[in-house]
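Undergrad: I'd like to go over a predicted model; first the sequence, then the structure.
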Amino acid sequence: MSAAAPGEMPENYLSQHTLRSWFLTTDHKRIGILYLLSIIVFFAVAAVAAALMRIELLTPEGDLVTSETYNKLFTIHGVLMVWFFLIPSIPTVLGNFVIPMMIGARDVAFPKLNLLSWYLFMAGGALALYSILVGGVDTGWTFYTPYSTAYANSHVVSMVAGVLVDGFGSILTGLNFIVTVHKMRAPGVTWFRLPLFIWSLYATSLILVLATPVLAITLLALSVERIWGLGIFDPKLGGDPVLFQHMFWFYSHPAVYIMILPGMGVVSEIIACFSRKRIFGYHFVAFSSIAIAVVGFLVWGHHMFVSSQSVYAGLVFSLLSFVVAIPSAIKVFNWTATLYKGSIAFDTPMLYALAFIGLFTIGGLTGLFLAALAVDVHVHDTYFVVAHFHYIMVGGMVTGFMGGLHYWWPKISGRMYPEFAGRIAAMITFIGFNLTFFPQFLLGYLGQPRRYHAYPPEFQIFHVLSTAGASILGIGYLMPLVYFVWSLYFGKKAERNPWGATGLEWRTASPPPTDNFEETPVVTEPAYNYPPLQTPPNGERQHV
């Protein structure tokens, strides 16, 4: 790579600005940026649908939209958020950007497949948006049969096709990451010198490769039955509707860990950096990611406790659902132990990481309620489930994504964002989230079913609180968008390693050169090898 002449800016991955250089790029960093811009669009559309639902629910009568339109709104929100934001966000944006740098590689193993995965993602997203524009879908994001195959009058096939195509992009991403981690590590980067973010995305990639084909087969069978009337799920045609639930949740419960495992990896990086300590019990945290991926394949039946499943199967799935909580608890306890006596700095990424731990813990503990047979019968398909799911997905995964974006933003853009604004946004997000979703635990316990656009007047106070919280949460999500864009033009230039972190990605320039490193790094020490903490004379924290 040629050195920059005196007085010139050194070349980096952002140096070329032509459309051709972006749309035909095989640079993992640029593909990460393409994914970032894409998922923001899908997040915005899904957020508008959520806002309309919350406005509708301000009053008990259901006087803003019809029940049919409300069904389409929660379907739009669910499909776009799950498959076009939650699942791809951290792996395709942060994973694409930093995985090769974290292991000392110049790119992923298959750069052209990486670009193809983005085009498949966009093609699937285009099909989903097309189905919305021509009338929408009213089945919910789960596409339950036989309603979706025989009775729905909406554009089910085009929406299902969008998810199907997007799934192939996910498979390519997972395959790429697995091969990259196995074959592209720099000298000295042994398995137990890998950052925990790599371990979490490796486990995520295993789920993507093994589980997504099951979803593809399920959605293909749904489309075949809807188009040609082949009896697979419709009992009138000799099919079994519960079979669809088994096949769908065999993918979709591991998909929960596709969403949350990368967030856990981000939190491990941030906790270590901003407490200046090696993660307590590194090996346990690493193997807990693999354990979550493995056991996560065995718990899909807890979604069907009330769907004619046998009591014995319910007992087994209930027990396994409690078991899968153990590796998640290991992570939380080990993060907490890492913080103990650490030299903690409450920078913006750390605030998001601490919020993740608190919100994910609430989501995980309420998941144990749903894993208990008797309690699940009471709160199944109520707002209790909605609150639990969002505490895991939004309180956990989205918070982790925001933390990771703030952590690596200086590396991605070469600029620093305003720290004070970042801290304010983190606090607003935390407050808005809890005000939005905690009242829904009470709603569910009191018995309100989800997916209803009208409800008894005694529940109104909880919905008013939720809508007020959603307004605050929206401000918390808009603020980073504003100050990130501001930082691109006016932000202070970032140093090579502004946080004083230990990963290989912080050894290269900000923003990185196209090939990441001028010379392949050689690693001789474990991950998170922070020096022993020393208390300075003035008692203030010192960056190493």
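TA: The structure has been received and is ready for your questions.
Undergrad: Run a quick neighbour tally on residue 346.
TA: 11 (other C-beta atoms under 10 Å). To be clear about C-beta, it is placed using only N, CA and C from the backbone, and glycine gets the same treatment.
Undergrad: tell me the SS of it?
TA: coil (DSSP: H, G, I helix; E, B strand; the rest coil).
Undergrad: repeat for residue 37
TA: helix.
Undergrad: Show me what the longest helix seen in the chain is packed up against.
TA: The longest helix of the chain (DSSP state H) is helix 241-275. Contacts defined by 3 or more C-beta pairs under 8 Å, 6 or more residues apart in numbering; DSSP states H and E place helix 241-275 against helix 196-228, helix 282-295, helix 325-339, helix 348-371, helix 383-392, helix 399-413.
Undergrad: wait, residue 401 sits on residue 94?
TA: Yes. Using C-beta atoms under 8 Å, residue 401 is in contact with residue 94, at 7.4 Å.
Undergrad: Pull out the buried residues from the longest helix of the chain.
TA: 241, 244-275 (16 or more other C-beta atoms under 10 Å).
Undergrad: what's near enough to touch the nearest residue to residue 250 once chain neighbours are set aside?
TA: Closest residue in space to residue 250, ignoring its immediate chain neighbours: residue 300 at 4.8 Å, by C-beta to C-beta, 6 or more residues apart in numbering. Residue 300 makes contacts with 246, 249-250, 252-254, 317, as judged by C-beta atoms under 8 Å, 6 or more residues apart in numbering.
Undergrad: Now with 10 Å, please.
TA: By C-beta atoms under 10 Å, 6 or more residues apart in numbering, residue 300 lies in contact with 211, 214, 245-254, 317, 320-321.
Undergrad: Pull stretch 156-171 out as CSV, backbone CA atoms only.
TA: Output in CSV follows, covering the C-alpha atoms of stretch 156-171 (Å, rounded to 0.1, in the frame of the first residue of the first chain):
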residue,chain,number,x,y,z
VAL,A,156,-48.8,-13.3,2.0
VAL,A,157,-46.7,-14.9,-0.8
SER,A,158,-44.6,-11.8,-1.6
MET,A,159,-43.9,-11.1,2.0
VAL,A,160,-42.9,-14.7,2.6
ALA,A,161,-40.7,-14.6,-0.5
GLY,A,162,-39.0,-11.6,0.9
VAL,A,163,-38.1,-13.3,4.2
LEU,A,164,-37.1,-16.5,2.2
VAL,A,165,-34.6,-14.5,0.0
ASP,A,166,-33.3,-12.6,3.0
GLY,A,167,-32.7,-16.0,4.7
PHE,A,168,-30.3,-17.1,2.0
GLY,A,169,-28.3,-13.9,2.6
SER,A,170,-28.1,-14.8,6.3
ILE,A,171,-26.8,-18.3,5.4
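Undergrad: What's the separation between the nearest residue to residue 342 once chain neighbours are set aside and residue 35?
TA: Sequence neighbours aside, residue 275 is the residue nearest to residue 342 in space, at 3.0 Å (criterion: C-beta to C-beta, 6+ apart). Going from residue 275 to residue 35 by C-beta to C-beta, to the nearest Å gives 30 Å.
Undergrad: Show me how far stretch 434-442 is from its chain's centre.
TA: Distance of stretch 434-442 from its chain centroid, counting by C-alpha atoms, centre = their mean, to the nearest Å, is 21 Å.
Undergrad: now stretch 152-168
TA: The answer for stretch 152-168 is 21 Å, by C-alpha atoms, centre = their mean.
Undergrad: now do stretch 120-139
TA: In terms of C-alpha atoms, centre = their mean, the centre of stretch 120-139 is set 20 Å apart from its chain centre.
Undergrad: Please renumber the chain so that the first residue is 90 from this point on.
TA: New numbering, starting at 90: the last item is stretch 209-228.
Undergrad: can you pull the buried residues of that stretch?
TA: 209-214, 216-218, 220-221, 225-228.
Undergrad: For residue 369, see how far away residue 445 is.
TA: When residue 445 is compared with residue 369 (using C-beta to C-beta), they lie 17 Å apart.
Undergrad: What pLDDT does the model give residue 274?
TA: Per-residue confidence (pLDDT) for residue 274: 95.
Undergrad: Spatially nearest residue to it (excluding sequence neighbours)?
TA: In space, residue 274 is closest to residue 192, 4.6 Å off (C-beta to C-beta, 6+ apart).
Undergrad: That neighbour: neighbour count?
TA: With other C-beta under 10 Å as criterion, residue 192 counts 22.
Undergrad: quick one: contacts for it?
TA: 269-270, 273-275, 278, 282-284, 287, 592-594, 610, 612.
Undergrad: Show me these that map onto helices.
TA: Reading helices off the contacts of residue 192 with DSSP H, I get 269-270, 287.
Undergrad: Where does the prediction get shaky in this structure?
TA: 90-99, 622-633 (pLDDT under 70).
Undergrad: Please determine how far residue 285 is located from residue 438.
TA: According to C-beta to C-beta, residue 285 stands 15 Å off from residue 438.
Undergrad: my guess is the residue nearest to residue 431 meets residue 429, correct?
TA: Yes. Using C-beta atoms under 10 Å, residue 364 is in contact with residue 429, at 8.8 Å.
Undergrad: Count the neighbours of the closest residue to residue 223 other than its chain neighbours for me.
TA: In this structure, residue 223 finds its nearest non-sequential neighbour in residue 244, 5.6 Å apart by C-beta to C-beta, 6+ apart. Residues contacting residue 244 under the criterion other C-beta under 10 Å number 20.
Undergrad: Now do residue 244 against residue 156, distance only.
TA: From residue 244 to residue 156 the distance is 18 Å (C-beta to C-beta).
Undergrad: Next, the contact list for residue 263, please.
TA: By C-beta under 10 Å, 6+ apart, the neighbours of residue 263 are 180, 206, 290-291, 293-301, 347.
Undergrad: Only whichever of those residues are buried, select them in ChimeraX.
TA: Buried subset of these, written as a ChimeraX selection, criterion 16+ other C-beta under 10 Å:
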select :180,206,290,291,293,294,295,296,297,298,300,301,347
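Undergrad: Where neighbours are concerned, which of the ones in helices among the contacts of residue 192 has the most?
TA: residue 287 (27 neighbours).
Undergrad: Who are the contact partners of that one?
TA: 184, 187-188, 191-192, 266, 269-270, 274, 278, 280, 354, 358, 375, 378, 592, 616 are the contacts of residue 287 under C-beta under 10 Å, 6+ apart.
Undergrad: try it again with 7 Å
TA: 188, 191-192, 270 (C-beta atoms under 7 Å, 6 or more residues apart in numbering).
Undergrad: can you tell me which of those lies nearest to residue 529?
TA: Residue 529 lies nearest to residue 188 out of these, by C-beta to C-beta, at 35.7 Å.
Undergrad: so which helix or strand takes in that closest one?
TA: helix 185-191 (DSSP states H and E).
Undergrad: what's the next helix or strand after that helix packed up against?
TA: Downstream of helix 185-191, the next assigned helix or strand under DSSP H and E is helix 200-222. The elements that helix 200-222 packs onto, with contact taken as 3 or more C-beta pairs under 7 Å, 6 or more residues apart in numbering; DSSP states H and E, are helix 117-145, helix 156-170, helix 245-272.
Undergrad: switch the cut-off to 10 Å
TA: Here helix 200-222 touches helix 108-112, helix 117-145, helix 156-170, helix 185-191, helix 245-272, going by 3 or more C-beta pairs under 10 Å, 6 or more residues apart in numbering; DSSP states H and E.
Undergrad: list the helices and strands the shortest one packs on?
TA: Here helix 108-112 is seen to pack against helix 117-145, helix 200-222 when contacts are counted using 3+ C-beta pairs under 10 Å, 6+ apart.
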